[in-house]
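>>> dropping a prediction and its sequence here:
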Amino acid sequence: MSKNTICVWYDKEAEEAANFYASIFPDSSVKAVHLSPADNPGNNEGEVILVEFTVIGVSCIGLNGGPKFHHSEAFSFQIATDDQEETDRYWNAIVGNGGVESACGWCKDKWGVNWQITPRVLTDAMAQGGDIAKRAFEAMMPMTKIDVGEIESAVRGA
């Protein structure tokens, strides 16, 4: 396990979620599944309690902790994409598997985990600042899934 690991709380679906993430994102895998050694508020002895996994090389643990805590937009995975095809692939996989669209490139998977599917053209424009950033930002604001072509047009001032 990495020295720094993201822990994501699930009710009882950590293994299902980790397997889904590993199926859609490159450099992602399920490393280990651990069973609860005793009954606890979120699990019975012998049920899956921890799942070690990676999402695009980032170490994570899925904790099946029960229904006490819920996800919010205060935490999200931000996935940088290189083009519209990659943006569409990840967005459609998450939303098409019981997820929900949100605004400005955000979506939520069926387990309530938040994702930002963000084309690099948008983050690059924001990093330039000034009028380019403003145009890209204004183009992004009404979007759900980011449209790379519209961001590129905004960057050009078209």
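Nice, thanks for sending it over.

>>> C-alpha from now on. contacts and neighbour counts both.
Noted.

>>> could I get the full set of strands for this protein?
Here the chain has its strands, by DSSP state E, at 6-10, 29-35, 48-55, 58-64, 76-81, 100-101, 106-108, 114-119.

>>> between those strands, which gets nearest to Ala127?
strand 114-119 (13.0 Å; C-alpha to C-alpha).

>>> just the residues contacting the closest one, thanks.
71-73, 75-84, 87, 90-91, 105-109, 145-146, 148 (C-alpha atoms under 8 Å, 6 or more residues apart in numbering).

>>> same check, this time on stretch 66-84
Residues outside stretch 66-84 that contact it (C-alpha under 8 Å, 6+ apart): 9-12, 41-43, 87, 112-121, 147-149.

>>> Val30 versus Gly66, what's the distance?
21 Å (C-alpha to C-alpha, to the nearest Å).

>>> those two - which one has more neighbours?
Neighbour totals were compared for Gly66 and Val30, and Val30 leads with 21 against 17 (other C-alpha atoms under 10 Å).

>>> look up which residues are beta-bridged to that one.
Beta bridges link Val30 to Phe53 when assigned by DSSP bridges.

>>> which residues of this protein fall in helices?
14-24, 84-96, 120-128, 130-140, 148-156 (DSSP state H).

>>> need these in a markdown table with distance to Ile49 and mean pLDDT, can you?
Output for the helices of the chain, formatted as a markdown table (distance: least, C-alpha to C-alpha, whole Å; pLDDT from 0 to 100):
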| stretch | distance to Ile49 | mean pLDDT |
| --- | --- | --- |
| helix 14-24 | 8 | 98 |
| helix 84-96 | 24 | 98 |
| helix 120-128 | 36 | 98 |
| helix 130-140 | 39 | 98 |
| helix 148-156 | 40 | 98 |
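
>>> quick one: the ones you listed as JSON lines, columns for mean neighbour count and distance to Glu52 too.
Listed next are the helices of the chain as JSON lines, based on neighbours: other C-alpha atoms under 10 Å; distance: least, C-alpha to C-alpha, whole Å:
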{"stretch": "helix 14-24", "mean neighbour count": "18", "distance to Glu52": "8"}
{"stretch": "helix 84-96", "mean neighbour count": "17", "distance to Glu52": "20"}
{"stretch": "helix 120-128", "mean neighbour count": "16", "distance to Glu52": "28"}
{"stretch": "helix 130-140", "mean neighbour count": "18", "distance to Glu52": "34"}
{"stretch": "helix 148-156", "mean neighbour count": "17", "distance to Glu52": "33"}
